[in-house]
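Peer 1: what follows is a predicted structure for the sequence shown.
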Amino acid sequence: MRYADTLAVAGLDLVVERGEIAAVLGPNGAGKTTTLETCEGYRRPQAGRVSVLGLDPVRQRRELLPRVGVMLQAGGAWSGVRAVEMLRHVAALHAHPLPVDDLVERLGLDECGRTPYRRLSGGQQQRLGLAMAVVGRPELVFVDEPTAGLDPAARRTTWALLEELRADGVTVVLTTHYLDEAERLADHVHIIDHGRRIASGSPLELTRGGTHATIRLVVTEPFPPGAPESLRASLGPATEVTAIDERSLVISGPADSTTLGTVSRWCEQQGVLPESLNLGQRTLEDVFLELTGRTIAPESARAEPVVA
């Protein structure tokens, strides 16, 4: 997909399987929105092929629409319509909608049910958008920034609802700027940048590898003088050793299976007794920064793959 001289999506290859929560992550301008809008049928790809639930989202849109729910990051309702009134209208468009009253109570919309959409807070609009996306019992739901503007309690309620959808066999394609949210919810994470997929895998697969490790060493008695320099010499120049206090060191450097052994031997040579030796776990944010070099920030038989 190209806009004038900008190549927004450059031969992106992406597969989402049925019954999973898949997170699509990327810096601003990476091509996420264009990709999802193409999968939703709002844009026609200029080259390549898109299949959603086995259907072409443009040519077979009428067949696809009843099976898909879409939560937009903003908008999707008339400015003057009351919140519950809008949800009941959307429910009436579907053959077998979820019970509206149950959904209203679950997402805390009863407190603002008679409030016009334009007067809802950002968090209330997000909750209404999610309710509108799932009320029709979709097989696949696209959710864009589902917890933006929500308080911690509402955020956890939203997480629980998405997890229940997955348990019921619904596929969820999620975009979020909260990397901890993707790490908690997603079965698979797809990181894209400059219109291409640069990494895919489960959160565990993406975070357990990498080129660097962080080790925290805590000993029972204070380290001898010059301990950081001595340990750095044992580990090599590519490793950083930082003293946190007189009994704690943090070691950062190449992830090597011999590193822990070297640290243990150094403790023996120095006559210090380790109290704890912990290998730090990388987070999804660490992986994201390592791959893209940029932070992520909000913008103002085997079944056929759901999205391919």
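Peer 2: Received, thanks. Residues are numbered from 1 along each chain as shown.

Peer 1: in this structure Ser252 contacts Thr239, no?
Peer 2: Yes. Counting by CB atoms under 8 Å, Ser252 does reach Thr239; the two are 7.0 Å apart. Yep, even glycine has a C-beta here, placed from its N, CA and C like the rest.

Peer 1: what do these two both touch?
Peer 2: Taking CB atoms under 8 Å, 6 or more residues apart in numbering as the contact criterion, Ser252 and Thr239 have no common neighbours.

Peer 1: neighbour-wise, which of the two wins?
Peer 2: Using other CB atoms under 10 Å as the criterion, Ser252 and Thr239 rank with Thr239 on top: 21 against 14.

Peer 1: how much space between the closest residue to that one other than its chain neighbours and Phe223?
Peer 2: Excluding its sequence neighbours, the residue lying closest to Thr239 (CB to CB, 6 or more residues apart in numbering) is Gly253, at 3.2 Å. Separation of Gly253 from Phe223 (CB to CB, to the nearest Å): 18 Å.

Peer 1: so where do the strands sit in the stretch 151-300 of the chain?
Peer 2: Here the stretch 151-300 of the chain has its strands, by DSSP state E, counting those that start in this stretch, at 171-175, 188-193, 196-201, 212-219, 240-245, 248-254, 274-279.

Peer 1: hey, which of the ones you listed is tucked in deepest?
Peer 2: Ranked by mean neighbour count under mean count of other CB atoms under 10 Å, the strands of the stretch 151-300 of the chain are led by strand 171-175, which reaches a mean of 25.

Peer 1: off-centre distance for it?
Peer 2: On the basis of CA atoms, centre = their mean, to the nearest Å, strand 171-175 sits 9 Å off its chain's mean C-alpha point.

Peer 1: ok, residues contacting that strand?
Peer 2: The set of residues external to strand 171-175 that reach it, using CB under 8 Å, 6+ apart, is 16-25, 32-33, 36, 39, 139-146, 162, 165-166, 181-182, 185-186, 306-307.

Peer 1: switch to 7 Å and redo it
Peer 2: Here strand 171-175 makes contact (CB atoms under 7 Å, 6 or more residues apart in numbering) with 16, 18-24, 32, 36, 139-146, 162, 165-166, 182, 185-186, 306-307.

Peer 1: now, those that are in helices?
Peer 2: Judged by DSSP state H, these include Lys32, Leu36, Leu162, Leu165, Arg166, Ala182, Leu185 as members of helices.

Peer 1: going by neighbour count, which of the residues you listed are buried?
Peer 2: Buried residues within the ones in helices among the contacts of strand 171-175, defined by neighbour count using 16 or more other CB atoms under 10 Å: Lys32, Leu36, Leu162, Leu165, Ala182, Leu185.

Peer 1: mind listing what the first one touches?
Peer 2: Which is Lys32. Residues in contact with Lys32 (CB under 7 Å, 6+ apart) are Val24, Gly26, Thr175, Ile192.

Peer 1: how close does the nearest residue to it once chain neighbours are set aside sit to Gly149?
Peer 2: Counting by CB to CB, 6+ apart, Gly26 is the residue found nearest to Lys32 once chain neighbours are left out, at 4.9 Å. From Gly26 across to Gly149, the span is 21 Å (CB to CB).

Peer 1: right, I'll call it a day here.
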